[in-house]
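S.K.: return atomic coordinates for the entry below.
(one chain, ligands or ions: 2)
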Amino acid sequence: MEQLIYERRKVFDPLLRFTHLWLGVLIVLQIFTALIVDYIDKGVPRDTLWYIHVWIGYGIGVGLVARIILGIMGSSTAKFSDLWHPALWLNVIKTKQWVDPHRWGHSALASFVYLVFYVLLSVMVLTGLSLAAIKLNMGPFDSLLGGNKALKDLFHEPHELLYNFFWGFILVHFGALIWHEVKDKSPLAQAMVSGYLYRLISKNDK
Ligand code: HEM
Ligand code: HEM
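M.R.: Numbers count the residues shown, from 1 in each chain. Ligands and ions are numbered 1, 2, ... in the order given. Model (predicted):
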């Protein structure tokens, strides 16, 4: 029988974990509303679905602002500085070796993708709020852009294109979590629920 001994530390604080849960659930719902809308005929049900999409979008906007505040003044592992590892990323490009040293915080390699994720999510929220004003006369940009149909494509094209990044991200994120659990023999996926990271320190065969 194999006996594994771990060191464990609490690394992710409750606010960071809650923002992760909030954004994760709302983005999955958002993708779902965008997917099913094509199967619904024009009229009240379709309009209602777009209102739901916009209200979920407001929730995503609030979650994003909360995450940015945590990134600037949150705990040490929530700060954006914990996600910033340019020397390591350059090393991966130069050596073509995917070295991801164990650290008590975010994965240094995955952090690059997380930063891209937040930049693109900001674009989604800004283009989404603009579309809400142009097409539905809703939201904070209504007084600025309300009903200005000429600008519709300017915001619709990037919004629809970037949508692909988000479902792609989810597939890669799940794949990477499973891969790490198998490779490192450590429970990683639970870290954004419990806050604990584990590092394998010894292995005995009994
Ligand atoms: C990651 C988050 C988001 C995803 C994946 C997403 C996805 C999409 C997609 C794929 C469309 C085009 C659907 C189509 O034309 O068939 C769309 C349209 C739209 N989205 Fe989003 N969206 C997101 C966030 C937001 C946010 C934050 C808002 C606003 C607060 C928003 C508001 C809108 C509006 C108003 C439209 C146009 C509706 C229409 O054509 O009448 N979206 N979204
Ligand atoms: C069962 C579902 C999920 C689990 C178990 C999970 C687990 C985790 C874990 C353990 C991390 C930290 C990993 C590391 O440091 O590399 C993480 C980070 C992250 N995950 Fe997830 N995740 C889930 C779903 C999602 C979804 C649906 C999204 C977005 C659509 C998402 C977006 C993110 C982002 C943006 C980060 C960076 C965290 C930060 O803001 O600091 N996750 N996730």
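S.K.: which residues of the protein lie near ligand 2?
M.R.: Residues of the chain lying near ligand 2 by C-beta under 6 Å from any ligand atom: 16, 20, 24, 27-28, 67, 106-107, 110, 114, 117, 170, 173, 177, 188-189, 191-192. Yep, even glycine has a C-beta here, placed from its N, CA and C like the rest.
S.K.: if I look at the residue most central in space within the chain, how far off is residue 159?
M.R.: Centre of the chain computed as the mean C-alpha position; nearest residue by C-alpha atoms, centre = their mean is residue 117, 5.6 Å away. Applying C-beta to C-beta, to the nearest Å, the value for residue 117 to residue 159 is 16 Å.
S.K.: and for residue 198?
M.R.: Relative to residue 159, residue 198 is positioned 39 Å away (C-beta to C-beta).
S.K.: part of a strand, is residue 140?
M.R.: No - Residue 140 sits outside any strand when classified using DSSP: H, G, I helix; E, B strand; the rest coil, being coil.
S.K.: neighbours of it, how many?
M.R.: Applying other C-beta atoms under 10 Å, we find 11 residues neighbouring residue 140.
S.K.: excluding chain neighbours, what is closest to it?
M.R.: residue 129 (6.4 Å; C-beta to C-beta, 6 or more residues apart in numbering).
S.K.: and if you look at residue 34?
M.R.: That would be residue 163: by C-beta to C-beta, 6+ apart, it lies 6.2 Å from residue 34.
S.K.: you'd agree that neighbour is up against residue 31?
M.R.: Yes - with contact defined as C-beta atoms under 8 Å, residue 163 reaches residue 31; the gap is 7.2 Å.
S.K.: show me which residues of the protein are close to ligand 1?
M.R.: Residues of the chain lying near ligand 1 (C-beta under 6 Å from any ligand atom): 27, 30-31, 34, 37-38, 50, 53-54, 57-58, 60-61, 124-125, 128-129, 131-132, 135-136, 159-160, 163, 166.
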